[in-house]
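# Sequence and computational prediction follow.
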Amino acid sequence: MTRERPFILGLTGSIGMGKSTVAVMFDELGVPVFDADAEVHRLQGPGGALLPAIEQAFPGTTGPDGVDRQKLGALVFGDKEALGRLEAIIHPAVGENRSEFLRSNARQPLIVFDIPLLFEKGGTTQLDAIAVVSAPTVDQRARVLGRPGMSEEKFEQILGLQVPDAEKRERADFVIDTGVSIAETRSAVEQLVQHLTGSE
């Protein structure tokens with residue numbers, strides 16, 4: 001039976017779990033990956049399509065280099081109404097670009113939607129399956145606290161906004177473990193691609 005469209009796999013995972021690394025592995029295997037975060041950065045970057053709307057809603061937060069993330073972050077962090085206004089600008093644009101990505105890859109057997117806040121923000125309806133990238137808590141903590149500008153307090157704050165890893169794993173169709181060697185993780189990704197494309 002021939003599929004009329006690609007199998008859409010949603011890829012997600014909490015901070016420090018290795019989702020970006022796994023997304024690169026899919027890409028290296030020739031699977032088209034739509035990176036929602038990268039798309040947001042592009043739309044908000046220098047000459048980005050969303051700059052006029054963001055400047056109108058949040059005056060003084062954009063410039064030649066695009067959105068001043070610190071200024072904008074200070075305005076929306078902890079303010080649900082302001083965050084809602086920002087999301088109302090960003091989400092439709094990302095959704096439109098994702099639809100375009102889907103159209104341009106319509107003949108592919110498998111595509112990946114890399115969506116960091118998949119469970120937190122919804123958006124599971126378009127997906128055929130969900131893969132969660134996960135690692136032991138000790139690995140996650142070491143990775144995140146090793147990042148520049150990260151503190152225990154900030155890390156705990158971010159964790160508090162994310163659906164717990166255990167719940168994500170429970171809700172996933174597939175779990176990709178990054179608490180093992182890179183080679184083992186890569187092998188798991190290869191097996192998953194073979195399974196989903198019927199090339200086992």
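Thanks, I have the structure now. Numbering: from 1, shown residues only.

# Where does pLDDT dip in the chain?
1-3, 123, 200 (pLDDT under 70).

# That one: helices as residue ranges?
19-28, 36-44, 51-57, 69-76, 80-104, 118-121, 137-145, 152-161, 165-171, 182-197 (DSSP state H).

# Any chance of TSV for the ones you listed, columns distance to residue 130 and mean neighbour count?
(Each C-beta comes from the backbone N, C-alpha and C, glycine too.) As requested, these are exported to TSV (distance: least, C-beta to C-beta, whole Å; neighbours: other C-beta atoms under 10 Å):
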stretch	distance to residue 130	mean neighbour count
helix 19-28	12	18
helix 36-44	14	18
helix 51-57	30	15
helix 69-76	27	14
helix 80-104	16	14
helix 118-121	7	18
helix 137-145	19	15
helix 152-161	19	12
helix 165-171	7	15
helix 182-197	12	16
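
# Report the buried residues of stretch 106-117.
With burial defined by 16 or more other C-beta atoms under 10 Å, the residues of stretch 106-117 counted as buried are 108-116.

# Format those residues as TSV; extra columns: distance to residue 142.
Below are these laid out as TSV (distance: C-beta to C-beta, whole Å):
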residue	distance to residue 142
108	36
109	36
110	32
111	32
112	26
113	28
114	23
115	25
116	20
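
# Grab the two from the residues you listed that are most spread out in space.
Farthest pair in the buried residues of stretch 106-117 (C-beta to C-beta) is 109 and 116. Separation: 24.6 Å.

# So which of the buried residues of stretch 106-117 are in strands?
Mapping the buried residues of stretch 106-117 onto strands (DSSP state E) picks out 110-114.

# Any idea which of the helices of the chain gets closest to residue 10?
helix 118-121 (5.5 Å).

# hmm, who's touching the closest one?
10, 12, 115, 124, 130, 161-163, 167-168, 171 (C-beta atoms under 8 Å, 6 or more residues apart in numbering).

# let's go with 10 Å and repeat that
Contacts to helix 118-121, defined as C-beta atoms under 10 Å, 6 or more residues apart in numbering, come from residues 10-14, 36, 87, 91, 115, 124, 127, 130, 132, 161-164, 167-168, 171-172.

# how close does the spatially closest residue to residue 136 that is not a sequence neighbour get to residue 30?
Of all residues not flanking residue 136 in the chain, residue 179 sits nearest, at 4.7 Å (C-beta to C-beta, 6 or more residues apart in numbering). Using C-beta to C-beta, to the nearest Å, one obtains 26 Å as the distance from residue 179 to residue 30.

# Same check on residue 164?
From residue 164 to residue 30 the distance is 33 Å (C-beta to C-beta).

# Ok, residue 101 next?
Distance from residue 101 to residue 30, by C-beta to C-beta: 15 Å.

# Same question for residue 113.
For residue 113, the distance to residue 30 - C-beta to C-beta - is 16 Å.

# go on, residue 54?
As judged by C-beta to C-beta, residue 54 and residue 30 stand 35 Å apart.

# now swap in residue 136 and tell me
In terms of C-beta to C-beta, residue 136 sits 30 Å off from residue 30.

# more crowded one of these two?
residue 136 (14 against 10; other C-beta atoms under 10 Å).
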